[in-house]
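# sharing a model that was predicted from the sequence below.
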Amino acid sequence: MSHSSAGSPCCHAEPAAGTATAMERELAHELTMLRRKLSVAAVLTGLVVAATLPHMLGVHLKWLPGWFTSPWTQLVLSSPVLFWCGREFFTGAWSALRRHSADMNTLVAAGTGIAWLASLVATAFPGVLVAEGLPADVYYETAAVILTLVLLGRLLEARARGQTSEAIRRLLQLQPPTARVLREGVVTEIPVAKVMVGDLVQVRPGEKLPLDGVVVEGSSWVEESMLTGEPTPVAKGPGDGVIGASMNRSGSFSFRVTRVGADTMLARIVELVRQAQSSHTQVQRLADQVVGWFVPVVIAIAIATFVLWFLVSGNVVLASLFLVSVLVIACPCALGLATPTAIMVASGKGAENGLIFRSAEALETAGGLRTIVLDKTGTLTAGQPEVTDFERLRSGQLPAQTLLALVAAVESRSEHPLAEAIVAYATSRRGDAELPDVDVFEAMTGLGVLATVAGKEVRVGSPRWLDASGLDTAPLDPVVSRLERAARSVAAVAVAGRIEACFGIADPIKPEAHAAVAALRRLGLEVVLLSGDARRTSEVVAADVGIVRVIAEVLPGDKAAVVQRLQEQGQGPVAMVGDGLNDAPALARAEVGIAMGTGTDVAIAASDITVLSGHLGGVPAAIELSRRTMATIRQNLFFAFAYNVAGIPIAAGLLFPLTGWLLNPMLAGAAMAFSSVSVVSNALRLRRFQPAHRSVGAAA
Amino acid sequence: MTPLFVATPLSLSAPLWRTIPQPLALQVLVTAVGLALILAELWWFLGRHGGGVVASEGEQGVQEITITVDGGYSPSQIRVKAGRPVRLRFHRTDPSGCVAQVIFPDFQRTLDLPLGATTSIELLPNRPGPYPFHCGMNMVRGSLAAE
C-alpha cells in the first residue's frame, strides 16, 4: 500500500506534549513580534503615504509643511519599515541566496528593495531622470505599503496555521496532569509522568482517567467519545479495560495502570495523526515540483519584463514598476500550503471523530473509492455470537448431556469466536456430565475442529466440511436450511462418523448497520458482503442490512484473493472493512484497509483508516471526510495555480497596451499577501466538517 | 482576475508614461545584461552545485551529520549509505516560523525544531534513492541521497 521504500524509523521518541508547548510558545512569540512590527510599519507607512498624497492627487496643501513632503523625509520614514520591520525578509533572502535557494523572502526583498533603491537614486540624483525627460518621482510609499501588506498577510497566515494543528493540541490537553495513586495504603496525587505500570489509580465521579488500565474495583459508566467518537457511555466493571483521557461519569472505581507514556492509546493516536500529517499525497507531488522551480522562473520573467518594456518604451521608470509588480505578485506559498494545510485539518478532524488516517495517501485514495467490501462477523455484526438453537438429529445416539460435555471439551481448545459461544452454551447445559480428556486436537482454519476423544473421532464444524469429509449429511440438510434462513451460522457435531447434532449460532447485526450501508450506497459505492459463513446465512444478513452483492463461504486465507479479484474486475479502488486482526492480509491487499476498533485494544497499525469506536457509521464518515478533503485540496491547488498564472502576466503589463491598465505594485503586494491567506482559510473550512452519516448511524 | 486587482495609474497626467527614444547601443546593452542576468540567476538557483556532503560515520555504524537551519538547510544535499541508520542533527538559528518543522514524507515523520536548539532524528533509508525533506510550508528543501 505504502509507496515508501523507507524502513521503520529507529527509536527516537520525544515527549510529544513538551514539544508541542515549546512550539506553541514559539508561535505565540512569532505572533507578538509580527504584531509589533506590523503596528510600527503601519504607522510609518501611513505617514509616508500621507506625504505623497498631495503629489499623487496633484493638489497643493498650504498647511502641510514643505519638509514633510520632501523625498528625504520619505526616505527617513520608509527605511525603518523595510530594514527593521522587514528585516527578516532581507536576511532570509540573503541566507537563502548563499545556499542557492530562492523563496518567498527573495521575491519580497527583491521587489521592495528595488523600489527603495530606485527611489534613493531619484532622491540623491534627481537630475539624471529630469535630463531623460522623466519626473524625479520616488516610490518609497510603494515599498513601504508592499512590506506592510506582506507583514499583515504573514500575521494572518501564522494565526491560521496555528489553528490547523489545533486538533492535536486539543488531544494532548485531554490527559489530566495528575493522577491519584494508591501506594502503600495511602492515596497521593502525583503528576501523570511519575505514574508507573502496575500502579493502582483511583477515579472519582466526573474525573478524567489519566492513563490506560484495567478496572480492579468498583464500576461506572465511562465516556470515551473524545477518543473514539462513540457517543454512548460504556459500562465498566472489574476486568474491563479503560483508556486514559476518557471521562468517568457517576461511579467511582480504581484501576491498575497497564500503559504509560508513549504506549497509551492517546499517545499512539497523537503519533498516528502526526505521521499522517507528515506524509504526502500524490497530487501534491506536482505542486512540489513546481515550487522548486517557481521563484527562479519568476525572477527570470521579471527581468525579461523589464528588458521588454525598456525596449518598447525606453522608459526606465515604467519598466522598473512592472519589474517590481511581477516580483511581488507571485506567490509560491499558496502552492506550497495548498495540500499540507488541508491534510492537517482533515486528519485532526478525523481524530476528533475517532477516525484515524494513517497517511495523506489514505485520505486521497479513500476519496476515490468505488467498491467497499464489508466483512460480516465483527464488522457488520456485533461479533458476540450466541448459541440459540441446539438440534439433536435422529441419527444421533449419545445422550444430550454427554454430547454437550464432549463438545465443550473439544471446543474449549479452539480460539474461534463461534467455538467460544458453543463452549459457553455446552458448559452451562451439560448437567453432571464430566468433561472428557481430549487426546488429539487439530483446528482446520475456517472449517472446524478435528479431535480424538477416548479413541473416537470427533468433528465440530461447518456442514459443508463434514459433507466434504465423506460423512452422510443428508439428515442434516432440512435443519441447516431452516437455521440458515433465520440468519444463523451452523456448526454440526459428528462422533465416530455419525452426525449427532447441530448448533444454530446467532450474531446480532449492529444496530447502525442498516443506516451505514444506506449511507455508503448514497455515496455511490458498490457495497459487497464478504463472509466465511454459509451462503444462505450471509444472504439473509445482507438482505437485512440492504446489501445486494454477497461473496460467501470464503476461507480466511482467501479473503485477500477476493479483494484482488474485485480489483482485477475493474471495481477498484476497493476498500476492505474488517476487524484488522483476522483479515489483515485482505486489508493490506485493498487500496484502503479500514479496521474497526473494538474496545481498548486497537489494531491500528495494519490499516489505512481505523474507526476507533467500531461504529459502522464511521466508515461512510471517513469516506465523506476524504472526499471533502480532496475537494478542498483541488480547490486550493487550482486557486494557487490560477492566481499565479493570471496574476503574473497582468503584473508584467500584458493588459497595458490593450486597456491602459497598469497593475499598481501596491495592489500586486496586496493580492500576494491575501492569496496565501485564502488558501489556508479554505483549508480551515474543513474544521466545520460534520459527519452527516455518523449521527444517522448513532440514532438508528 | 477581476478588475478589482487592477488599477489605472494614479498619476497618469505625469510624463511618466511617455515613450523615450533610446540609442540602439543602450537597447542592445540592456538586452544583453538582462539575458546574462537571467542565465546567471537560473544557473545559481537551479544548476547543480557540488555533489552533496557525505555524512560521517559515527559510533555503532550510525551515519551522522549536523545541518544548520538558517534560511535553508546547510548542507541541503546529504549523501548516505543505504540500509544503515542515519542521524540528522538540525540546529535551527532561523526565527522564521516556516522552518520550525522539518518533514520527511517518505518516512512519515515530522520533527519540530525549537529555535536555537539542536534536535536530532534517526532514519533508516532501506533502499538507495533520494529521500527529500522540507520545511512545514515546503519552501525550504533538502534531500538525503542514499547510495
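That came through fine. Numbering: from 1, shown residues only, chains lettered A, B, ... in the order given.
# taking chain B, what residue is nearest to chain A?
Using CB to the nearest CB, residue B:71 is the residue of chain B that sits closest to chain A, at 2.9 Å. Yep, even glycine has a C-beta here, placed from its N, CA and C like the rest.
# need phi/psi at the closest residue to that residue other than its chain neighbours.
Across the structure, with CB to CB, 6 or more residues apart in numbering or on different chains as the measure, the residue nearest residue B:71 apart from its sequence neighbours is residue A:95 (2.9 Å). Geometry field for residue A:95 lists phi and psi as phi -70, psi -30, criterion degrees, to the nearest 10.
# verify the stated contact: residue A:95 with residue B:95.
No: contact criterion CB atoms under 8 Å: residue A:95 and residue B:95 do not qualify, at 11.8 Å.
# the domain parsing of chain B - what is it?
Here the domain assignment for chain B is B:22-50, B:53-146, based on automatic domain parsing.
# ah, wrong one, I meant chain A
Listed by automatic domain parsing, the domain ranges of chain A are A:176-209+A:212-259, A:355-382+A:512-621, A:386-506.
# what's the most buried one of these?
domain A:355-382+A:512-621 (a mean of 22; mean count of other CB atoms under 10 Å in any protein chain shown).
# any part of that one near chain B?
Yes: Domain A:355-382+A:512-621 comes into contact with chain B when judged by CB under 8 Å from any CB of the partner chain, the residues involved being residue A:359.
# so how far is the first residue of that domain from its last?
End-to-end distance of domain A:355-382+A:512-621 (CA to CA, to the nearest Å): 8 Å.
# avg pLDDT for it?
The average pLDDT for domain A:355-382+A:512-621 rounds to 86.
# relative to the whole chain's centre, how far out is it?
The chain centroid and the centroid of domain A:355-382+A:512-621 are separated by 18 Å under CA atoms, centre = their mean, to the nearest Å.
# now swap in stretch A:452-462 and tell me
Centroid separation between stretch A:452-462 and its chain, computed with CA atoms, centre = their mean, is 49 Å.
# am I right that residue A:161 is in contact with residue A:341?
Yes: using CB under 8 Å, residue A:161 is in contact with residue A:341, at 7.3 Å.
# between those two, which one's more packed in?
Set side by side, residue A:161 and residue A:341 show more neighbours around residue A:341, with 29 against 23, by other CB atoms under 10 Å in any protein chain shown.
# isn't that one right up against residue A:679?
Yes: Residue A:341 lies in contact with residue A:679 (CB under 8 Å); the separation is 6.9 Å.
# overlap in contacts of the two?
Taking CB atoms under 8 Å, 6 or more residues apart in numbering or on different chains as the criterion, residue A:341 and residue A:679 both touch residue A:636.
# residue contacts, whatever residue of the stretch 351-500 of chain A ends up closest to chain B?
Among all residues of the stretch 351-500 of chain A, residue A:359 sits closest to chain B, at 6.2 Å; criterion: CB to the nearest CB. If a contact means CB under 8 Å, 6+ apart, then residue A:359 has A:2, A:275-276, A:279, A:608, B:108 as its contacts.
# list only buried entries from those.
A:275-276, A:279, A:608, B:108 (16 or more other CB atoms under 10 Å in any protein chain shown).
# quick check: which of these has the minimum pLDDT.
For those, the model is least confident at residue A:279; its pLDDT is 74.
# quick one, grab the pLDDT at residue A:655.
Predicted confidence (pLDDT) for residue A:655: 82.
# could you do residue A:296 as well?
The confidence metric pLDDT takes the value 93 at residue A:296.
# skipping adjacent residues, who's closest to it in space?
In space, and not counting its chain neighbours, residue A:296 is closest to residue B:45: 3.9 Å by CB to CB, 6+ apart.
# so the one you found makes contact with residue A:295?
Yes: using CB under 8 Å, residue B:45 and residue A:295 qualify as a contacting pair, with a distance of 7.2 Å.
# many thanks, have a good one.
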